[in-house]
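Novice: let's see this in three dimensions:
(one chain, ligands or ions: 2)
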Amino acid sequence: MATAASTWNFMTRSSSANGVAIISVNRREVKASGLSIGKRQHQGVGVVYNAIGARNGKNSRKLVIMCGMNLVFVGAEVGPWSKTGGLGDVLGGLPPAMAANGHRVMTVSPRYDQYKDAWDTEVELELKAGDNTEKVRFFHCYKRGVDRVFVDHPMFLEKVWGKTTSKIYGPIAGIDYQDNQLRFSLLCQAALEAPRVLNLNSSEYFSGPYGEDVVFIANDWHTALIPCYLKSMYQSRGMYISAKVAYCIHNIAYQGRFAFSDFALLNLPEEFKSSFDFIDGYDKPVKGRKINWMKAGILESHKVLTVSPYYAQELVSGPDKGVELDNILRKTCVHGIVNGMDVQEWNPMTDKYTSVKFDATTVMSAKPLIKEALQAEVGLPVDKKIPVIGFIGRLEEQKGSDILAAAIPEFIGSNVQIIVLGTGKKAMEKQLDDLETEYPLKARGVAKFNVKLAHMIIAGADFIIVPSRFEPCGLIQLQAMPYGCVPIVASTGGLVDTVKEGYTGFQMGAFNVECETVDPADVSAIVKTVTRALAVYGTPAFSEMIQNCMAQELSWKKPAKKWEEALLSLGVEGSQAGIDGEEIAPLAKENVATP
Ligand SMILES: Nc1ncnc2c1ncn2[C@@H]1O[C@H](COP(=O)(O)OP(=O)(O)O[C@H]2O[C@H](CO)[C@@H](O)[C@H](O)[C@H]2O)[C@@H](O)[C@H]1O
Ligand SMILES: OC[C@H]1O[C@H](O[C@H]2[C@H](O)[C@@H](O)[C@@H](O[C@H]3[C@H](O)[C@@H](O)[C@@H](O)O[C@@H]3CO)O[C@@H]2CO)[C@H](O)[C@@H](O)[C@@H]1O
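Specialist: Ligands and ions are numbered 1, 2, ... in the order given. Just a heads-up that it's a prediction; the model follows:
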């Protein structure tokens, strides 16, 4: 127990309400003081603890300690309820990590299916979408310390009916729903209402509505209207006065560019038009002057973030990597925080999709067994001595599966097998089929979104190849490393920040970002690096790389602290630093979504 003097030092910063001392200290300070922390209680903003302290040997005073922020993450995808790729993973994993640190956290996303675990709140709103008034309803569940809020409207559910790996944005990959602007305008408006109208009493720690002192975290173009509506509909009327918006770019390739005349659909005052105004260098969906949702999101938000420091540098480096928003981002600045990943889902000791569980001490004996199961699963010759390379990703130009397809014939003569898993553009899916036809004993292409196979590849393959033209962060390489699956990556975005050449993987150099062509120099970089990696396979240096990969801490814990720092800097009323907490029963059955 600390001395009496140190115990009460921080009382100098206290104030008093209803006879209870309110002090602004964090949990670490309390621990250092020797107080024991009691039950958490809600106190408007943040987490409040009762701490029972000893003074001069007496157990006497009751203190209330406040910390944390009210955070509302908004996204078109939220895993595991909805996911076409990494956006869903981030909205699934970062919020629980923020909640673990004592923040009150909500996510708002569309209700694309009749989720078994999300209940009707019976709260209904009327919102404008274009010229019409639409009714939306909120559904809710509480998982891993997070209020998961789902916005119900036929524009979401009737179009998608649960097929969230393929139908969130359009009927097929590459084709968008015509009414996407109305759909996501509704999402943004509903998200702004949620903290005010939902009377949530999810846990013993918090109760009542979140209120108006909140930070909204908008993600990608679908949520770019949040700062605009915040200003035009609320702050202009004296509401949400201290609320702020942080805007996170997960992929600048998708900006939400539409015909200039569509500005009228958004129901925003004319003064916002200039933030959307954009001259398009490309010709889709219409030539010339357009509105650009992401441009407005960047300009109207209070802070702009992205998902790795190196990608943040690339975004401001020029129009090719900044995709014509580089000039805007140079003005606003963009701050990069590398993503974490779900260490519960991607854990070789508990993985429900693999028959053999392993850790760093057993990887060398376990991996060959899982490799054989993988080879049998995809119908390749079963031989644990053959090095296996895996690829997993959305089949878009970004991911470079076309460059890989051009490189495979040049290294497939080596002692190697390759398994490619992905869905997306039809032409690229066909390239996977062709691979298999041409190299039946060496290559498999699986054009499916298949979580079980993704886990089997990562657990059984020796290498994961990530030949991206650009990659904001990339989660595949993060998911692979804890399984001792060594990444071979293009030197771009988060792949630079997360894979260390010769230590945790192999860097191939930066690729040409021009998506229309396959650059022979990139094909040759793949061939050279794969050859280099295969030469290391089976040597002590390779075993060391496996150990280096597996020794890393890749959870959301560290990124969550950086996010906290970034969001605190917005200075929303009542916001305070959080605590160093652990996730609330992350493995508990009731915390697993059952959509
Ligand atoms: N066929 C398939 N079957 C099963 N699972 C599959 C699959 N194809 C992909 N996945 C899964 O989808 C996710 C893909 O995440 P990534 O971050 O690698 O890419 P994505 O480009 O979608 O995300 C964008 O947003 C994220 C989040 O910020 C950034 O990391 C990234 O660089 C950016 O492009 C992973 O969880 C992966 O396992
Ligand atoms: O989580 C995976 C990615 O999900 C999002 O990307 C989607 C994007 O926002 C949508 O607009 C759409 O993109 C299509 C685009 O609109 C269309 O013009 C054409 O170019 O095809 C694109 C692909 O179909 O779908 C994307 C998902 O495939 C999110 O914005 C990304 O950050 C995530 O990487």
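
Novice: quick one: low-confidence ranges for the stretch 151-300 of the chain?
Specialist: For the stretch 151-300 of the chain, applying pLDDT under 70 flags the ranges 283-286.

Novice: residues contacting the closest residue to ligand 1 within it?
Specialist: Among the residues of the stretch 151-300 of the chain, H250 lies nearest to ligand 1; the distance is 3.8 Å by C-beta to the nearest ligand atom. All C-beta atoms are positioned from the backbone trio N, CA, C, and that covers glycine. H250 makes contact with G86, L87, V90, N219, D220, T306, V307, P472, C473 under the criterion C-beta atoms under 8 Å, 6 or more residues apart in numbering.

Novice: point me to the residue sitting closest to the centre of this protein.
Specialist: Centroid-nearest residue in the chain, with C-alpha atoms, centre = their mean: V90, separated by 1.7 Å.

Novice: pLDDT of the helix or strand containing that one, averaged?
Specialist: V90 is part of helix 86-100, with elements assigned from DSSP states H and E. In this model, helix 86-100 has a mean pLDDT of 95.

Novice: cool, and stretch 427-442?
Specialist: 92.

Novice: likewise for stretch 350-368?
Specialist: Averaging pLDDT along stretch 350-368 yields 97.

Novice: how about residues contacting it?
Specialist: Under C-beta under 8 Å, 6+ apart, the answer for stretch 350-368 is 344, 348-349, 369-370, 373, 384, 451-452, 455-456, 459-460, 462, 483-484, 543, 546-547, 550-551, 587.

Novice: and the stretch 451-595 of the chain, which residues reach ligand 1?
Specialist: By the rule C-beta under 6 Å from any ligand atom, the part of the stretch 451-595 of the chain lying against ligand 1 is V451, A454, E471, P472, C473, G474, L475, I476, Q479, G494.

Novice: from those, keep the buried residues only.
Specialist: A454, E471, P472, C473, G474, L475, I476, Q479, G494 (16 or more other C-beta atoms under 10 Å).

Novice: between these, which is closest to V123?
Specialist: L475 (33.6 Å; C-beta to C-beta).

Novice: so what's the closest one closest to, chain neighbours aside?
Specialist: G86 (4.9 Å; C-beta to C-beta, 6 or more residues apart in numbering).

Novice: let me see the contact set for that neighbour.
Specialist: Contacts of G86 (C-beta under 8 Å, 6+ apart): H250, N339, C473, G474, L475.

Novice: was I right about the second one contacting L305?
Specialist: No - counting by C-beta atoms under 8 Å, N339 sits too far from L305 to count as a contact (11.1 Å).

Novice: circling back to that earlier point, how much space separates the residue nearest to L475 from ligand 2?
Specialist: 5 Å (C-beta to the nearest ligand atom, to the nearest Å).

Novice: residues in contact with L94?
Specialist: F73, N339, G340, W556, P559, A560, W563.

Novice: can you do 10 Å?
Specialist: L94 sits next to 71, 73, 105, 107, 146, 217, 219, 248, 337, 339-340, 342, 556, 559-560, 563 when contact means C-beta atoms under 10 Å, 6 or more residues apart in numbering.

Novice: pretty sure E134 is in a helix, no?
Specialist: No - assignment of E134 by DSSP: H, G, I helix; E, B strand; the rest coil gives strand, placing it outside any helix.

Novice: show me what it is bridged to.
Specialist: L127 (DSSP bridges).

Novice: give me the buried positions along stretch 395-415.
Specialist: For stretch 395-415, burial by neighbour count (16+ other C-beta under 10 Å) applies to 395-408, 411-412.
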